[in-house]
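What would the 3D arrangement of this be:
(one chain, ligands or ions: 1)
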Amino acid sequence: MRASSIALSVVCGPIVCFYVAFAACFCPARLHRHTESEEKKRFERRQKMAPKPLPIRPLERSLTLPMPSPVIDEKMAVLSPESRRGKSLHQTQSRLMRLPLELREMIWKAVVGDSTMHMILKENKLGHLRCKAPSAIECPLGFNGRTFSRECCWGNVDSANIWAPTSGIKEPTDGDIVPLLRSCRQIYSEAVNFLYTTNTFSFSDLDCLRYFSMTLLPHRFSLVQSLDLEWCMAWPIYDPVAQQLLLNNPALYPPNDEATWEETWRIIASMSNLKFIRASLLYFDGFRDPTCEEKMLAPLRKVTAPSKFEVHVSWHGEEIRGAPFQLIRPVERGEDSSDDEDWDV
Ligand SMILES: [Zn+2]
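You can find the predicted model right below:
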């Protein structure tokens, strides 16, 4: 029995090997179709998990002030809790609220601002995790096989880049800011702008930035001043020759396609209060020729608001002149032999 099995393996082994080699070399479509279906599945799952944009109709009531006059306040104080629902009261009995506005603002800024918020995609909504590093620059970059990740801060994601905590505990993804903002309408009104003006918003997914712009009120979104974007570019973006050779159609699914890339930078270009952008881009071997790279960089040239705009890329190439950003390429081997770090940060 054993001898017959060995004989069968000896006869069939080379045939199987030959078939696999033949399929890989002469029928690449088989391989591509498999990859394509994975990409398609990932894309469909992301579509299903997309957060809903804000409704076009105005909110039933504003979350921010104005507060009523003190006279109305006195009248409302005698009303039942049900009658007072949705109405604002002056917080004259609160010792915190009796502090001067300047001091209160320092407290709000310390609680909701001055941090880096890593934005994550969750099921039908966005979340944000406060960076654990002392500053965005010190937050360690990593590559998890699909995209950049900051393992110490971002946690785990599934194959569709949807946040998937493995700890089993329901981890909060509100950056510890929601309880304060929800505690009082006056606090919300005084503190909410610090959330957008003093934090760095950090993204590792282009769709996440797009959803962020769609799920915020436009006047709040435009307050953002500091942006950090990491993105792993998918081959063969901006390479029409290579795309024609591929049998997949489309060659790239969103968010890896050119349309999503260009839309992302259109959104960033519309952010009039931006003061700082750091974009970190990874593309394994770089671009086939400088024309492809120039096409990829063209949408970034329309972003002119920030006073500091850095683009770190993982590949070598020519110097870029006349751009609103500073393109930082990896240090050439031998240029700085004392440092093994590939990124010139
Ligand atoms: Zn971090």
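
can you list the residues of the chain near the ion?
131, 133, 139, 150, 153 (CB under 5 Å from the ion). All C-beta atoms are positioned from the backbone trio N, CA, C, and that covers glycine.

Spatially nearest residue to the second one (excluding sequence neighbours)?
Looking back up the chat, that one is residue 133. Distances taken as CB to CB, 6 or more residues apart in numbering place residue 139 nearest to residue 133, at 4.0 Å, with adjacent residues excluded.

if we can go back for a sec, now tabulate the residues of the chain next to the ion in JSON lines and tack on secondary structure.
Shown next, in JSON lines, are those (DSSP: H, G, I helix; E, B strand; the rest coil):
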{"residue": "131", "secondary structure": "coil"}
{"residue": "133", "secondary structure": "coil"}
{"residue": "139", "secondary structure": "coil"}
{"residue": "150", "secondary structure": "coil"}
{"residue": "153", "secondary structure": "helix"}
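
now those residues as TSV including neighbour count?
Formatted as TSV, those follow (neighbours: other CB atoms under 10 Å):
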residue	neighbour count
131	23
133	13
139	20
150	23
153	18
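
could I get those residues as JSON lines with distance to residue 303 and pLDDT?
Listed next are these as JSON lines, based on distance: CB to CB, whole Å; pLDDT from 0 to 100:
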{"residue": "131", "distance to residue 303": "23", "pLDDT": "86"}
{"residue": "133", "distance to residue 303": "25", "pLDDT": "80"}
{"residue": "139", "distance to residue 303": "22", "pLDDT": "79"}
{"residue": "150", "distance to residue 303": "23", "pLDDT": "56"}
{"residue": "153", "distance to residue 303": "25", "pLDDT": "76"}
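
By proximity to the ion, which residue of the stretch 201-345 of the chain wins?
residue 202 (6.9 Å; CB to the ion).

any idea which helix or strand carries that residue?
Taking DSSP states H and E as the definition, residue 202 sits inside strand 200-203.

Regarding residue 172, what is its secondary structure?
Recorded secondary structure, residue 172: coil (three-state DSSP).

and the gap between it and residue 194?
Distance, residue 172 to residue 194, by CB to CB, to the nearest Å: 20 Å.

Between the two, tell me which one has more neighbours.
Using other CB atoms under 10 Å as the criterion, residue 172 and residue 194 rank with residue 194 on top: 20 against 12.

What score does the residue nearest to that one when sequence neighbours are not counted have for pLDDT?
Using CB to CB, 6+ apart and skipping the chain neighbours, the partner closest in space to residue 194 is residue 113 (4.0 Å). pLDDT, residue 113: 94.

hang on, residue 113 packs against residue 200?
No - look at residue 113 against residue 200 with CB atoms under 8 Å: they stay out of range, at 10.1 Å.

Looking at these two, which one has more neighbours?
Comparing residue 113 with residue 200 by other CB under 10 Å, the one with more neighbours is residue 200, at 22 against 18.

Now do the contacts for the more buried one.
Residues in contact with residue 200 (CB atoms under 8 Å, 6 or more residues apart in numbering) are 115-117, 136, 226-228, 276.

residues making contact with stretch 265-275?
Residues outside stretch 265-275 that contact it (CB under 8 Å, 6+ apart) are 197, 209-210, 213, 221-227, 277, 299-300, 302-308.

And those residues, which of them are buried?
Buried members of these, counted by 16 or more other CB atoms under 10 Å: 197, 209-210, 213, 221-227, 277, 299-300, 303, 305-306.

From those, which land in strands?
Per DSSP state E, strands hold the following members of the buried ones among the contacts of stretch 265-275: 226-227, 277.

Would you reformat the residues you listed as JSON lines and include pLDDT?
Listed next are those as JSON lines, based on pLDDT from 0 to 100:
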{"residue": "226", "pLDDT": "96"}
{"residue": "227", "pLDDT": "96"}
{"residue": "277", "pLDDT": "97"}
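
and residue 94, what element?
Using DSSP H and E, residue 94 falls outside every helix and strand.

now swap in the one 5 residues further on and tell me
Assigned by DSSP H and E, residue 99 belongs to neither a helix nor a strand.

quick one, what contacts the residue most central in space within the chain?
What sits nearest the mean C-alpha location of the chain, by CA atoms, centre = their mean, is residue 203, with 2.4 Å. Taking CB under 8 Å, 6+ apart as the contact definition, residue 203 lies against 119, 209, 212, 227-230.

With residue 237 instead?
Counting by CB under 8 Å, 6+ apart, residue 237 touches 252, 256-258, 261, 283, 296.

at 7 Å instead, please
252, 256, 258, 296 (CB atoms under 7 Å, 6 or more residues apart in numbering).

In ChimeraX, select just the buried ones from those.
For the buried members of the contacts of residue 237, the matching ChimeraX selection, counting by 16+ other CB under 10 Å, is:
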select :252,256,258,296
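
Just the ones of the contacts of residue 237 in helices?
Under the assignment DSSP state H, the contacts of residue 237 contribute 258, 296 to helices.

Can I get the contacts of residue 237 in JSON lines including distance to residue 241 and pLDDT?
Output for the contacts of residue 237, formatted as JSON lines (distance: CB to CB, whole Å; pLDDT from 0 to 100):
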{"residue": "252", "distance to residue 241": "14", "pLDDT": "92"}
{"residue": "256", "distance to residue 241": "18", "pLDDT": "94"}
{"residue": "258", "distance to residue 241": "14", "pLDDT": "96"}
{"residue": "296", "distance to residue 241": "15", "pLDDT": "97"}
